[in-house]
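# Would you be able to build a 3D model of this:
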Amino acid sequence: MAMLTQVTGPAHTRILSVGAARGDLDVPNDDLVGPIESSDEWIRQRTGIVQRRRASSAVGAVDLAVAAGEEAIVRSGLDRTEIDGVIISTISNVAVTPSMASLAAYRLGLAPAAAFDISAACAGYTYGVGQADALVRSGICKNVLVIGAEKLSDVVDPTDRSISFLLGDGAGAVIVGPSDHPGIGPTQWGSDGEKWDAIRMTATFEEYRNNPTEVAWPTLRQDGQTVFRWAVWQMAKVAKETLAASGVEVSDLAAFIPHQANMRIIDEFAKQLKLPDSVVIARDIETQGNTSAASIPLAMHALLEAHPELSGGLALQIGFGAGLVYGAQIVELP
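This is a model prediction of the structure:
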């Protein structure tokens, strides 16, 4: 009987580069407060957001993905033929099929790279990094482009007080490739479907199709207190488990890059983890808003632009959101 051939790859991986694309419109709080009968002060106190970036009608999520991916490719110094995998995490694809990744790969000149989308909401980027790490170390791929891309303004109800004022548009991209030392620690991930409807759409597309006069276009909603308590208490535990699995102490970290969900959640994380002052905390939400799967790579990009000395240091990144799902890794900053 013939023996199957199997491949193996390098022992270690790391993030080689990072790219970003932000919505072309600055949307301050004052532009949104009327329909939700609120104020700039209320939004700042509850979320830490001063403004969010959103994309104009002519700019799609895939356009943001391509722009972020292009920067990551150029910064990596790789030839495009060396990138043979593309993973996009998004909840913003305007078509159920085909994937956003296949179109982005083509537009980026990466075809015939393997390309697929994943739907893990705000944890999607960390899911993508975990998969890319495994694909490279298994030998299935040489280098993988991972993109989180969202145009959440397409699923916003301006009158909604639960989540609409949080959301922004953008894309962040990294390239995961081989390394001579560990640059991505073990991925800690999971789900809690008991809270499946804590962040949800107002209706299914089937309900909208069957009753368009009675059911409005589906938009996002959340149960804020449920999500806040889960994120603060359960995700702090996951963050600690990620540190332990990687053999890293908080004092070893150069940066903390959580999903940019809410400034209060980020602040509570810092307290729970007892982060020393030496750890730089990403707070991109103040001017970008919550961009779901794009938020961590966007925050990484902004952090490295402001603090280039962090390059080569270790960062704890953790994503969490609708599902409810979560994922985290310790990574070496590119």
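
# Please enumerate the strands of the stretch 151-300 of the chain.
169-179, 188-191, 199-201, 220-222, 253-258, 280-281 (DSSP state E, counting those that start in this stretch).

# Thr213: which of these is closest?
Of all these, the one in closest proximity to Thr213, counting by Cβ to Cβ, is strand 199-201 (18.6 Å). No exception for glycine: its C-beta is placed from N, CA and C like everyone else's.

# quick one: strands adjacent to the closest one?
strand 220-222 (antiparallel) (DSSP bridges).

# so how far is stretch 293-305 off the chain centroid?
Centre-to-centre, stretch 293-305 and its host chain are 9 Å apart (Cα atoms, centre = their mean, to the nearest Å).

# what comes up buried for stretch 312-319?
Under the neighbour-count criterion of 16 or more other Cβ atoms under 10 Å, stretch 312-319 has 313-319 buried.

# From these, which land in strands?
Among the buried residues of stretch 312-319, the members falling in strands (DSSP state E) are 314-319.

# Any stretches of the stretch 51-200 of the chain with poor pLDDT?
Within the stretch 51-200 of the chain, no stretch has pLDDT under 70.

# can you give me the helices for it?
Ranges of helices in the stretch 51-200 of the chain, per DSSP state H, counting those that start in this stretch, are 61-76, 100-107, 124-138.

# what angle sits between the shortest one and strand 169-179?
Comparing the axes of helix 100-107 and strand 169-179 via axes from the mean of the first three to the mean of the last three Cα atoms, to 10 degrees yields an angle of 70 degrees.

# Tell me what angle helix 100-107 forms with helix 124-138.
70 degrees.

# tell me the angle of helix 100-107 relative to helix 61-76?
Using the same axes, to 10 degrees, helix 100-107 lies at 50 degrees relative to helix 61-76.

# that older thread, what about the helices of the stretch 51-200 of the chain, which gets the closest to Glu214?
Glu214 lies closest to helix 61-76 among the helices of the stretch 51-200 of the chain, at 28.4 Å (Cβ to Cβ).

# residues in contact with Leu253?
275, 279, 313-316, 330 (Cβ atoms under 8 Å, 6 or more residues apart in numbering).
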